[in-house]
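[1] Predicted model and sequence below, questions to follow.
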There are 2 protein chains.
Amino acid sequence: MAKVKKKKVSRPKAMNPRGFRDYFGVEVGERNGMLAKITDVYRMHGFDPLETPAVETVEALGKFLPDVDRPNEGVFAWQDEDDTWMALRYDLTAPLARVYAQFRNDLPTPYRRYAVGPVWRNEKPGPGRYRQFYQCDADTVGTPTVAADAEICGMLSDTLEAVGIPRGDYIVRVNNRKVLNGVLEVAGLLDMSDLSRFEAERGIVLRAIDKLDRLGPDGVRALLGAGRKDESGDFTGGANLSDEQADIVMGFMDARRDDGAATCARLRELVGGSQTGLAGVQELETIAELTGSQGYGPDRLLIDPSVVRGLGYYTGPVYEAELTFDILDDKGRKRQFGSVAGGGRYDDLVKRFTGQEVPATGVSIGVDRLLAALREKGRMDSRSHGPVIVTVMDRDRMADYQTMVAELRNAGIRAEVYLGNPKNFGNQLKYADARNSPVAVIEGGNEKAAGVVQIKDLALGKALAANISTNEEWKAQPAQMEIPRGDLVSEVRKMIARGREG
Amino acid sequence: MAKVKKKKVSRPKAMNPRGFRDYFGVEVGERNGMLAKITDVYRMHGFDPLETPAVETVEALGKFLPDVDRPNEGVFAWQDEDDTWMALRYDLTAPLARVYAQFRNDLPTPYRRYAVGPVWRNEKPGPGRYRQFYQCDADTVGTPTVAADAEICGMLSDTLEAVGIPRGDYIVRVNNRKVLNGVLEVAGLLDMSDLSRFEAERGIVLRAIDKLDRLGPDGVRALLGAGRKDESGDFTGGANLSDEQADIVMGFMDARRDDGAATCARLRELVGGSQTGLAGVQELETIAELTGSQGYGPDRLLIDPSVVRGLGYYTGPVYEAELTFDILDDKGRKRQFGSVAGGGRYDDLVKRFTGQEVPATGVSIGVDRLLAALREKGRMDSRSHGPVIVTVMDRDRMADYQTMVAELRNAGIRAEVYLGNPKNFGNQLKYADARNSPVAVIEGGNEKAAGVVQIKDLALGKALAANISTNEEWKAQPAQMEIPRGDLVSEVRKMIARGREG
C-alpha cells in the first residue's frame, strides 16, 4: 500500500535570532527612565543630542573592536545594491567621528554631543550577553585640553549618583595610555623602526592588562609572556615579553597608591626619561587636581594604572566606572559587579577621515548593565500600576463603558474597557489581575437603572487574599463598594490613592 | 626622468550610506518630545510598552511589503554564522506577531502594547525619503471585537490633537477590506477554484486603489484595466479587469456619502448578496456608532471606501489619518500634506506562526512625517536655549570656572565652561553664539580680585544687534553688567528669564 503523504504546512518559528531578546512593559519603562536621568545630566553639562542612523558604511566604522575573531570583524554587515558594504554600528563613537568629519564646518568647536541608542555586536551570544544593547554616550570633540577629560570623569560620577548608585558603591578610575606607552618605551619595546610591530605587541599587552579583573596577576603575567592555556584547554598567544619587560609592565599595573598625587609620583619614577610617559603623568596630575578641586575625592575618583580599556583607538586619558558592591554570581559566589561605563581620549579617530588632527574624548555608559545592577540592589521602584479596567457586563452597552474610560482618562487616570470575550466575568477579573490593575469598575443592568456603579479595589483584594484563610472572610472584605455613577472619577481616584499607601 | 610616485593615503569617506541621515540637537529633542506625547496617550488608554530588537529572522518577518521590486523583498538582510537569514525589521507589526506567538501563554489577553522605534526599508532613496524612519504603534492582539478597532481610531484622533494638530486639520478615514472583498465577489472576480490567482489580482486592485491620491481616478482606472504608462514612460501592468468589473470597483471608491450611516447604506447596496461584504458593512456601522457616541463626529472620523492601505496582511477594518491642510510642494504648488498614520485589522499574522486564529488590530504613526507637518505649520517651539557659557580669561583658573558652572547646574541652569582654545576671546563669544547661549559669564583677574563677575545677555545682544546700525550704539547697549560673584546664580537666572520674555 502506498503511503499517504500528508502535506506538511511549514510555519516560521516564533523566536528571536540568536543573542537577541525582547523587553516588556516595566523593563522598557525602567530603561527609558534611566536614560532620561542620564541624558538630563549630560544636557545640564551643555551637551546637545545627536542621533545617527543604525547603519554606517563599513569603511566609516573602521576596525576597532577588541578581541575580534568573528566574521566581519565583529559587526553585522551586508552589501548594498551598489556594492557598498554597510554594517550596524558597534558603538556610538565611530559614528560621531564620521559626523564630525562630515559636518565640522557647521558644528561649534568644541562640539559637545550626547547620544543614546542600541549598538550591535556580531559576537557569540551567551547567558546575559546579547548582540544588541544600549549605550548612552557623551563626548567633547575638537579640544585637546584634559579639562575636557576631567569634566567627563566628574560628570560620570554625577550621572551614577543621579540614577541611584550612592557614593561608596561606585568608583571612577582614571589612567592614561601615554603613561603605558612610556612604560613600554622604558621596557625597550618601542621600536621606532617597526611601528606596526610595536602597535601589534602593544595591543596584546593592552588586552592582557584589561583582563586583570578576570584572570588575576598570574593570568596577565602569562599573557605578557609566552601565552596562557585557559580552563577549557584553549591557548591564547602571549606578547612574548622577556621576564624583565613583563616585570616592568606588572609594576606599572601595581603603581596605585593612596591618593592621586602619590600614584602620579610613582608613575613618574616608572616612565623614567620617556617624554610620552611624562606627558601622560602630567595629564593625570591635572585631572587629579581639577576633579579634586570640584569635590571628586578618592571615594569617587581614583588614578588607577591598571585601567587600560580594550578599544584600540584611545590615545590619552582612559577612564571607567566600576560598581564596587558585591553580587552573587550564577554559582552563588560573591563577586564585584564590575564595570558599567568607560571611555577615554581618541585623538586620531576623526583624522582617519580628514587627515587633520581632531582631539576628542568621551564616555559610554552600558545602560543595560547599569539597570541590571540597580535591579540587583533592589533600587528600582517597579510598583508600576496597570490601568483601571472597566468591565463589560452587557456587551450592547460598549458605548457606556467607553464613556466611563474617557471620563477617567480626561481626569488623568489610565483606564481601558475590557475588550476580550465578556461572557465569563471571572476572566475579566483575571485579566485585571494580570495587568496589575488597581481598580475594576462594574456596571450591570441593575446598577445602570439605579444610577450607580461598583468599584473594586484590586490592590486591597490582593493584600487581603494573602492574609485570609477562609472563604467567608474573603467575601466579607470591604474591597468592593457601590458609588453613584456621577462620583466615578473622584471615588476611583481615592481608591487608587489608598492602594498606593497600602 | 622617472616620476616620483607619492604614496597615496586612502581615507574613508565621511558620509552616511545612501538614504540615511543624521539628526542634530533640536531635531532630536522635538522628535523625543513628540514620541513622549504619543506614547502618553497610548499608555493612558491602557497600552503597555514592548521593545523588540531591530533584528529578526527573515522567516519571522514574512513578506508583506507592498510594491516590492527590490532585492531581499525590500528589507536589509544578511546571513548569520549559522546560516540563518536575519534582517532589519521593516515595521513594528511583524515583530509583534512574532512576540505574541512566542509568549502568548504569559501575556494577558487581550494584549495591548505600544512600541516606538526606527524601522528600515531597503528602498530606493529619494529627496525626503529615507531608508530608516520612526514608527510609533499601538495594537490590541487577541480580540475579534470591532470595539478594539473603534477604540484605536478614536485614540488616533486624540493623539493627533495631543501632538498639536488642531481639529479640522486632520481626518481619520475608516474602511473595511471585507467590503472590498464583497465588491470583488459581486464583480465576479472571486474564483474559489483558484484562490491564489484571486489573491494576486486583489493585490493589484488594492495597490491601484491605494494610489488614488497620487494618480487620480483615471490613473487608477488604467491600473484596474490593461495598465498604465507613467510620465517617464515606465509601464505598470494592470489588473486586467473588464470595463464592467472596473466600473464596479470605481463605484466602490466613490461610495462616500455625507455621513457614516449614508455611506454604509450605499456600501450595503454595492456588496449585494456577498456575505463577506455584508459582514464588512456591519463592522463599519458598529465602528461609526461607537466612535460617534464618543464624540468623534465627521469632522474627525469618516467612513471612506477609498482607503485600502497598501500592506497585504489586513483582513478587516483599515484606517488612516490624513492631514488636510495645504502645503507647498517643491515646485511651489499647493498640495495636501496627506497620510501620517495608518493601520487595520490583521487576523492572520499570528496564525502564520501558531496555526491558530489570533485576531489583532493596530495603528502605526509615521513620526517623521508628522514632525515635518508640524514644522511646516510652524507649530514646533524650537526656541531651545543653549547652555550658559562661562568663558575662560585665565587658563590657570579652570577650577574657578568649573566651580561656577557647578553652582549654576546645581541651581538647575544648564551651563558649561568654554573648553576650546581660550586665547582669542572673540572665539569664545562666537562659540556662545553658535550654541544659542542665553548668557556668557566673564571673570578676569581684576574681577576676581574685586569679587565680581561680568554677565552678558546674549539674547538681548542679538536682538539689539538686529536693530543697531552704528558701533557706538552697540557699545552703549546695556546687555552686559557687573555683579557680585556671590549673586551669580540669581542674576543669571534673572537674565535668562528676561531673555525668554523678550
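    In hand now; what should we look at?
[2] Point out where chain A drops to low pLDDT.
    Within chain A, the segments meeting pLDDT under 70 span A:1-9, A:64-73, A:311, A:380-384, A:465-478, A:501-502.
[3] Outline the domain layout of it.
    A:17-144+A:347-383, A:160-317, A:388-501 (automatic domain parsing).
[4] between the ones you listed, which one is nearest to B:Gly273?
    domain A:388-501 (27.3 Å; Cβ to Cβ). C-beta: built from backbone N, CA, C; applies to glycine.
[5] just how off-centre is that closest one within its chain?
    39 Å (Cα atoms, centre = their mean, to the nearest Å).
[6] Apart from its chain neighbours, what residue comes closest to the most centrally placed residue in chain A?
    Per Cα atoms, centre = their mean, the C-alpha nearest to the average position across chain A is that of A:Val367, at 1.4 Å. Leaving aside its sequence neighbours, A:Val367 sits nearest to A:Tyr134 (Cβ to Cβ, 6 or more residues apart in numbering or on different chains; 4.0 Å).
[7] who's in contact with whatever helix or strand A:Ile171 lives in?
    Element membership for A:Ile171 (DSSP states H and E) is strand A:170-176. Identification of contacts with strand A:170-176 by Cβ atoms under 8 Å, 6 or more residues apart in numbering or on different chains yields A:149, A:153, A:156-157, A:160, A:280-281, A:283-284, A:287-288, A:296, A:299-308, A:316-324, A:340.
[8] swap in stretch A:278-291?
    Outside stretch A:278-291, the residues touching it (Cβ under 8 Å, 6+ apart) are A:146-147, A:149-151, A:153-154, A:174-182, A:260-261, A:263-264, A:267-268, A:271, A:301, A:303, A:316-317, B:398-399, B:402.
[9] If we use 6 Å, what do you get?
    Contact with stretch A:278-291 is made by A:146, A:149-150, A:153-154, A:174, A:176, A:178-179, A:182, A:260, A:264, A:267-268, A:271, A:301, A:303, B:399, as judged by Cβ atoms under 6 Å, 6 or more residues apart in numbering or on different chains.
[10] Just the buried residues from the residues you listed, in ChimeraX please.
    Selecting only the buried entries of these in ChimeraX, with 16 or more other Cβ atoms under 10 Å in any protein chain shown as the criterion:
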select /A:146,149,150,153,154,174,176,178,179,182,260,264,267,268,271,301,303
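[11] looking at it, A:Phe235 is touching A:Arg228, isn't it?
    No - with contact defined as Cβ atoms under 6 Å, A:Phe235 does not reach A:Arg228; the gap is 7.3 Å.
[12] And those two? Which one has more around it.
    For A:Phe235 versus A:Arg228, neighbours defined as other Cβ atoms under 10 Å in any protein chain shown are more numerous around A:Arg228 (20 against 10).
[13] ok, that one - contacts?
    Counted by Cβ under 6 Å, 6+ apart, A:Arg228 has contacts A:222, A:236.
[14] Neighbouring strands - and their directions - for the host helix or strand of it?
    Here A:Arg228 is covered by strand A:227-229, with elements defined by DSSP H and E. With DSSP bridges as the test, strand A:227-229 is paired with strand A:235-237 (antiparallel).
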